Structures are given as structure tokens and as C-alpha cells.
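Enquirer: whatever this is, show me its structure:
(2 chains)
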There are 2 protein chains.
Amino acid sequence: MINYPNSKKAFKRQKKNHSNRGMNFERIINESNDYYTSNDVAVIHKKPIPIQVVKVDYPNRANAVIKEAYYKIPSTTDYNGVYYNHYIDFEAKVTNNKTSFPLSNIHAHQVKHLERCANHGGICFLLIFFKKHDEIYLLESKFVTQYYKRAKKGRKSITYKEIKRHGFLITEGYAPRLDYLKIVKQIIDKKNQ
Amino acid sequence: MINYPNSKKAFKRQKKNHSNRGMNFERIINESNDYYTSNDVAVIHKKPIPIQVVKVDYPNRANAVIKEAYYKIPSTTDYNGVYYNHYIDFEAKVTNNKTSFPLSNIHAHQVKHLERCANHGGICFLLIFFKKHDEIYLLESKFVTQYYKRAKKGRKSITYKEIKRHGFLITEGYAPRLDYLKIVKQIIDKKNQ
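Expert: Numbering: from 1, shown residues only, chains lettered A, B, ... in the order given. Take a look at the predicted model:
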């Protein structure tokens, strides 16, 4: 259970000024996911950050204190869950770049993971927040895979134009703030046609 | 990417002697999941253990050392992923008890999580390893929910007999060692009939 002590305040502040939204991109997604769970729309969670624990002190059974640990490279993506009978899997990324999304932002094995999940019937994508444009796009993993392949020979990014063409702009709402599942529903409906 | 340096040795040792299988239940599941991923059968991962980081030393950008952190209670289950167009979600538990599976082994919010995911179309279950019987059962979450409700009024466990009746015994194989998805496939086929 994650607490967001200042979420309401942060929400109001952000309604007035979007400039610090980048820092709170993760929070906005988490809040939207909380909304989805409470309103029985979907169950989507952020995975814990993988940490390699090296040394733990056990003063007593209930109070283990980790004294030495290291961040590990995530082997999958940040978010997954279930919506409308479908497996959902995505990674959220922020970029300060105005004209493109640099592919150095995402690990090769994460692209592979999204591709694998999509092959088994999952709805897989990136949520990309262009800070300079104050826009959030949902880009399906098939395009990510495609541009990742191109990067081996040529440009190491997906242009803003390409994302505008293939992605879906997610408009902001009130509850949930970031209703990305509205887009996911369209993708599911198209898939099931 | 998790390394299992001694997995092959451990595997051979266990083929001869099952007595230490309890300790390795998680490893057996992880190895089976690795097999499923490599053979393009499914994508199922164990989630990282949730840890609350309090203090981090940054000698330089690449080498953050966590100096103080605490284990958090998981808000969901240990494993999830995608198989055959379906969302998969489960928790793995070991018990030394011979006649029943004590429900104190599982958190109330985990039962709720499994129930929620099942309501959205996920295939949700427990994998229960009865050490004394050297048997592993898959028990669908609908039964877990049912017995969890009973526990509020009466017995705080699911009897071994009940698990034998409603669950599926998972027989051991070679590759993957624990082919629990064979059972999941039967559940999916029945659901789609």
C-alpha cells in the first residue's frame, strides 16, 4: 500500500501549473491506477523497484533492517495488470527532448519483453510524456519494436512526428487524471473486430 | 535478469532427493517460468520484493548504495504475466502442515487482489506445496475466496481434503520441472467452451 500524502495538494497545484508535471508523471499514473482499482475498472500496479539485498540486520523477527543493498536493472517493465479480459503491460517514460524520443531511454530487454507479451495477446505500449509539449502519448509496442530495429542501422530515436502519427494523445481528465485505458479500450475493440 | 548459478546442480540433486524441495519451491517456479519465456510459451515473472528505501549513498552516479531500507508488505501477489491471451496471477505458498493449509499464510488484501483480477478475466490461483505429502496443488482463487469467507466464521484453514477435491495436483516433469501452465490451459479451455 503506497501513500500519497500530498496528492490532493499536488493535484490542485498542477491544475494551475503544469511545469512540474514531469516529476509527478509516475504519481499521476499511480493515482489513475488507484482510481481504476477502486472503481473496479481494472487492476494495474507498478512493480516494486528491484533491489539486491546484501546485508540485513535482524534485531528481532519483525524488524529486519536492510543495511546494504543495490539497485538492479529491471528485467521487465514498470506496470502490468488486467483490464477487460486482457493482459496489460507498459513502461512510462519522460523526455525533455522536443523533437524526438531517444531510444536510449528504454532497455533492449524491455523492448523484447513488450514484444513477447504482445505475441501472447497482451496489450503492450509505452506512455511517453513530452515535457516541452506538455503532451502524453500512448505508443503501441509494435511501433517501439519497429523503431528499435531501425535504430540498429540508423537514427537512435523515434521522432515526435512519428509518435504523433502512430501514437494516441491522452487528454487530461479529472478522475482518473490520466485515462489511458480509454485508449486501451479502443485498441482492444479494434483487435476483437 | 536473475542468475541461478547452481540451478543445474540443484536440479540433479533434487531429482534424487526431494527432502529439500521446500526451500527451492520458489526456484523451481522461477526456472519453469524461465523455460516458458525461452520457449515462447508464456511470459510470467516474479515481482521484485517491495522495499522502502530510507537512506542511499551516492559516491558517484552509477554506484548508489542503499544504506537503510525496510521490507514492506506486498500489496499484490508474487507472480503475474500473460499466457494464451490471458492474464495470469498467482501466489506460491509452502506449508509444513499435513492436514490443512492455514489461511494465515496469505494476506487478506492478496485474496482480494486475486478476486479482483479474476473478476476482470484473469486466471488466478494459489500454488500450494504440501511438504509432508511432497505434493503441489493449484487452487483457483474462487475457492480461496470462498474458504477465506468461511474463516471469518469458522475454521481458519483449507483442509488438505478440500484442496485435493477442488485443486489440481501438479505432477513433476523434466522441462519445465513444474508445468503448472498445463493445468492453466485446461482452465482456460473450460472457460472458453
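
Enquirer: and the residue nearest to residue A:48 when sequence neighbours are not counted, how far from residue A:127?
Expert: Closest residue in space to residue A:48, ignoring its immediate chain neighbours: residue B:50 at 3.9 Å, by CB to CB, 6 or more residues apart in numbering or on different chains. Glycine gets a C-beta too; all of them are placed from N, C-alpha and C. Relative to residue A:127, residue B:50 is positioned 22 Å away (CB to CB, to the nearest Å).

Enquirer: list the residues that contact the residue nearest to residue A:48.
Expert: Going by CB atoms under 8 Å, 6 or more residues apart in numbering or on different chains, residue B:50 touches A:48, B:71, B:72, B:73, B:74, B:75.

Enquirer: got a pLDDT number for it?
Expert: In the predicted model, residue B:50 carries a pLDDT score of 94.

Enquirer: again, but for residue A:15
Expert: 42.

Enquirer: ok, residue A:72 next?
Expert: 92.

Enquirer: same check, this time on residue A:148
Expert: pLDDT recorded at residue A:148 is 97.

Enquirer: what residues are up against it?
Expert: Counting by CB under 8 Å, 6+ apart, residue A:148 makes contact with A:103, A:108, A:111.

Enquirer: rerun that using 7 Å as the cut-off
Expert: A:103, A:111 (CB atoms under 7 Å, 6 or more residues apart in numbering or on different chains).

Enquirer: before we move on, what about residue A:90?
Expert: Counting by CB under 7 Å, 6+ apart, residue A:90 has contacts A:77, A:79, A:124, A:125, A:126, A:127.

Enquirer: farthest pair within those residues?
Expert: A:124 and A:127 (11.4 Å; CB to CB).

Enquirer: higher neighbour count, these two?
Expert: residue A:124 (27 against 23; other CB atoms under 10 Å in any protein chain shown).

Enquirer: and chain A, which of its residues are near chain B?
Expert: Neighbours of chain B within chain A, by CB under 7 Å from any CB of the partner chain: A:1, A:42-43, A:45, A:47-51, A:64-71, A:75-76, A:80, A:82-87, A:116-117, A:120-122.

Enquirer: list buried residues within the residues you listed.
Expert: Those of the residues of chain A next to chain B that meet the buried threshold are A:42-43, A:45, A:47-48, A:50-51, A:66, A:68-69, A:76, A:80, A:82-84, A:86-87, A:116-117, A:120-122, by 16 or more other CB atoms under 10 Å in any protein chain shown.

Enquirer: show me those residues that map onto helices.
Expert: A:116, A:117 (DSSP state H).

Enquirer: what's downstream of the longest strand along chain A, the next helix or strand?
Expert: The longest strand of chain A (DSSP state E) is strand A:86-95. Helices and strands here follow DSSP states H and E; after strand A:86-95, the next one along the chain is strand A:100-102.

Enquirer: check the nearest residue to residue A:177 once chain neighbours are set aside and give its pLDDT.
Expert: Leaving out its chain neighbours, the residue that sits closest to residue A:177 by CB to CB, 6+ apart is residue A:28, at 5.2 Å. Note on residue A:28: pLDDT of 95.

Enquirer: which SS state does residue A:28 fall under?
Expert: helix (DSSP: H, G, I helix; E, B strand; the rest coil).

Enquirer: ok, it touching residue A:178?
Expert: Yes. Using CB atoms under 7 Å, residue A:28 is in contact with residue A:178, at 5.2 Å.

Enquirer: mind telling me what element the residue lying closest to residue A:41 once chain neighbours are set aside is part of?
Expert: Closest residue to residue A:41 apart from its sequence neighbours, by CB to CB, 6+ apart: residue A:181 at 6.6 Å. If you go by DSSP H and E, residue A:181 is part of helix A:180-192.

Enquirer: next one: residue A:125
Expert: Per DSSP H and E: strand A:123-130 holds residue A:125.

Enquirer: next one: residue A:165
Expert: helix A:160-166.

Enquirer: and that helix, what's buried?
Expert: A:160, A:162, A:163, A:166.

Enquirer: ditto for stretch A:140-159
Expert: Using 16+ other CB under 10 Å as the test for burial, stretch A:140-159 gives A:140, A:141, A:143, A:144, A:145, A:147, A:148, A:151, A:157, A:158.

Enquirer: out of those, flag the one nearest to chain B.
Expert: Distance to chain B, by CB to the nearest CB, is smallest for residue A:141 among the buried residues of stretch A:140-159, at 12.3 Å.

Enquirer: give me every residue that touches the closest one.
Expert: A:114, A:115, A:118, A:124, A:125.

Enquirer: where does it fall, phi/psi-wise?
Expert: phi -60, psi -30 (degrees, to the nearest 10).

Enquirer: what does the pLDDT read for it?
Expert: Looking at residue A:141, the pLDDT reads 98.

Enquirer: one step back: my guess is the residue nearest to residue A:41 contacts residue A:82. True?
Expert: No. Using CB under 7 Å, residue A:181 makes no contact with residue A:82, being 11.3 Å away.

Enquirer: common neighbours of those two, please.
Expert: residue A:42.

Enquirer: which strand residues bridge residue A:135?
Expert: Bridge pairing for residue A:135 (DSSP bridges) gives the partners residue A:130.

Enquirer: so how far is residue A:98 from the closest residue to residue A:99 other than its chain neighbours?
Expert: The shortest distance from residue A:99 to any non-neighbouring residue, by CB to CB, 6+ apart, is to residue A:160 (5.2 Å). Look at residue A:160 and residue A:98: by CB to CB, they are 7 Å apart.

Enquirer: same question for residue A:56.
Expert: 45 Å.

Enquirer: model confidence at residue A:97, what's the number?
Expert: pLDDT, residue A:97: 96.

Enquirer: next one: phi and psi at it?
Expert: Per degrees, to the nearest 10, the backbone of residue A:97 is at phi -70, psi 140.

Enquirer: separation between it and chain B?
Expert: Counting by CB to the nearest CB, to the nearest Å, the gap from residue A:97 to chain B is 20 Å.

Enquirer: which of the residues in the helix holding residue A:181 are buried?
Expert: A:180, A:181, A:183, A:184, A:185, A:187, A:188.
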